[in-house]
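**Student:** My questions are about this predicted structure, shown below with the sequence.
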Amino acid sequence: MDVGDGGFGEITVGGRVRLLGPGVVPAEAAQAEPLYVGEPAAIPVALPRQKARAEILSVLVRFPSGAVHRADLAIDDEDRASGSKTIEGVVSAEAGELHLFTTTRNDDGSVAQKGFVLQVRTRGTVQMYITPSFWTQSGVAGAPKFNFSLGRWECHAAVRWVNSMPMLVNLARRMTVRMTDAGTLVGTLAFDLSGPVTLLPGQTQYGTVITFHAPGSADFEIFRNAGDLTFEYSMSNDGFTPKDGQVWRTMREVGYNIIRVGDFTAAERAEYRRAAAEIASGIFRSRDMTVRGVELFRIEGTPEMEADKQRFRFIDSEAEIDELFSRYTMGDNAFLDAFFVEGMWDGSAGASNVNGPVDKQGPSSGILICRDADTVNLGQTFAHEAGHYLGLEHADEEDGCSDTDPASPNISDNFIFSRSRRDSTVVTGCQIDKMRRHGLVTTLTP
Ligand SMILES: [Zn+2]
């Protein structure tokens, strides 16, 4: 544990803060009840007093989480008689400001627009929400940034505090961040924000917090080794202890060598590079891993290699695969060896053992991919065989993953389904967790 080390935070007070008293809503939506997290609310919107006949109420809701929802509601005679249209079933998952923009569309083509801000509260609490400033490509985890000049990882986040109490609450300056890896405590950071967080009744306040992760710390090593860390941010003062959790994830990468065995045209050579760089990489990017083409090799040039080229260009048996992998290894780099051949005796698109060796020695030290004029299929095969090498069994077999159900009607969409198709691209959380622990997978930045 490295308490009190490596953390830093700052808050911005004022500026974007908007204050509405508890239960107070804008005059235009004066009949609205206060909104509470997780509770469906009905929000009446006054229709404009006008000669034109109002027909449609278009509604755009921006929730405190940032999610946006649109709807078009028909205005009926009853609404026109009462002078208002009620938006039913508005449920927010988070406390904070809910922005409502309405457009009334009239039968003569004219429109009238209004905007409201409503406070969403949590009954009897003070809450803190953490939102990463940068997201990984999959959009489900925060992306740490590597600060090259200072040689450390940084996790930048926006913070929102919401006081749903009818009293002033002072959370003071101290913030604590517990970092866990798959449930195991890795370290704790504790630091002071640049000022105290003091919240008036009903107030929402905004700030930023940045944590630093320097070499020598367990958290730095986990980010470097391509792991996830779950942060629990908390503050505690005045009898309130708001907390929020966030997963941070460094982008992962697996490099590959392309080794061609046989005669391929220039167009085919360009195609298999594209299949790896675009199709296979695209499949893995959905889970924040990318593949990177590193070196190109070919087995030819010496009498011995020419003989091997003739022997291995078309693979006739399992034994030949083992022999090819044993004889050729790009041993001076830590990248996956991908052998492109002209075909296989059993018509398979490719082959790989499960959990190939990190040292790339022996009969399992490579993946095999066959000539295929369908670039998408070729890239799918590349991802599928690389998945095996990085530790995965077929999704529809005993794979030790609870999120791959062999009985699921969609299992054939999984990229490592036993008879995967060109459009089998799903990678599950368990699968990426297994792959990222393979020794050939590294972090994209140092
Ligand atoms: Zn397979």
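**Tutor:** Looks like it came in fine.
**Student:** Next, count neighbours for the spatially closest residue to R313 that is not a sequence neighbour.
**Tutor:** The spatially closest residue to R313, leaving aside those adjacent along the chain, is G262, at 3.3 Å (CB to CB, 6 or more residues apart in numbering). Backbone N, C-alpha and C define where each C-beta goes, glycine included. The number of residues packed near G262 is 19, by other CB atoms under 10 Å.
**Student:** Now do G262 against E39, distance only.
**Tutor:** 66 Å (CB to CB, to the nearest Å).
**Student:** still on that earlier bit, quick check, the residue nearest to R313 in a helix?
**Tutor:** No - counting by DSSP: H, G, I helix; E, B strand; the rest coil, G262 is not part of a helix but coil.
**Student:** Does it touch F314 like I think?
**Tutor:** Yes - the pair G262 and F314 qualifies as a contact (CB atoms under 8 Å) at a distance of 7.4 Å.
**Student:** can you pull the pLDDT of the residue nearest to R313?
**Tutor:** Per-residue pLDDT puts G262 at 95.
**Student:** give the contact list for it.
**Tutor:** Applying CB atoms under 8 Å, 6 or more residues apart in numbering, we find G262 in contact with K309, F312, R313, F314, F340, V341, E342, R371.
**Student:** mind running it again at 10 Å?
**Tutor:** G262 is in contact with 268, 298-300, 309-310, 312-314, 339-343, 371, counting by CB atoms under 10 Å, 6 or more residues apart in numbering.
**Student:** same deal with K51?
**Tutor:** Applying CB under 10 Å, 6+ apart, we find K51 in contact with N106, D108, S110.
**Student:** any idea where the strands of the stretch 251-400 of the chain begin and end?
**Tutor:** Here the stretch 251-400 of the chain has its strands, by DSSP state E, counting those that start in this stretch, at 252-260, 289-298, 314-315, 336-341, 343-344, 350-352, 367-370.
**Student:** Which elements pack onto the longest helix along the chain?
**Tutor:** Among the segments of the chain that qualify as a helix by DSSP state H, the longest is helix 375-389. For helix 375-389, the packing partners by 3 or more CB pairs under 10 Å, 6 or more residues apart in numbering; DSSP states H and E come out as strand 252-260, helix 266-274, helix 281-285, strand 289-298, strand 336-341, strand 350-352, strand 367-370, helix 429-436.
**Student:** closest one to V90 among those?
**Tutor:** helix 429-436 (30.8 Å; CB to CB).
**Student:** Go ahead and flag the most central residue of the protein.
**Tutor:** Nearest to the mean C-alpha position of the chain, by CA atoms, centre = their mean, lies V140 at 2.8 Å.
**Student:** how about that one, secondary structure?
**Tutor:** Look at V140: counting by three-state DSSP, its state is coil.
**Student:** so it makes contact with W248?
**Tutor:** No - counting by CB atoms under 10 Å, V140 sits too far from W248 to count as a contact (11.3 Å).
**Student:** Output the below-cut-off pLDDT ranges for the stretch 151-300 of the chain.
**Tutor:** Residue ranges of the stretch 151-300 of the chain with pLDDT under 70: 226.
**Student:** same thing but at 80, please
**Tutor:** Within the stretch 151-300 of the chain, the stretches with pLDDT under 80 are 182, 224-227, 294-295.
**Student:** coming back round to it: what subset of the contacts of K51 is buried?
**Tutor:** Among those, those classed as buried by 16 or more other CB atoms under 10 Å are N106.
**Student:** Now do the contacts for T102.
**Tutor:** With CB under 10 Å, 6+ apart, T102 has these contacts: 28-29, 43, 45-48, 57-61, 73, 85, 87, 112-116.
**Student:** can you tell me which of those residues are in strands?
**Tutor:** Among the contacts of T102, DSSP state E puts 43, 45-46, 57-61, 73, 85, 87, 112-116 in strands.
**Student:** Among the residues you listed, find the lowest-pLDDT one for me.
**Tutor:** Within the ones in strands among the contacts of T102, lowest confidence goes to F116 (77).
**Student:** isn't that one right up against V90?
**Tutor:** No - shown here, F116 and V90 do not form a contact pair, counting by CB under 10 Å, at 11.7 Å.
**Student:** Look at the two and report which has more neighbours.
**Tutor:** For F116 and V90, the more surrounded residue by other CB under 10 Å is V90, and the numbers stand at 21 against 18.
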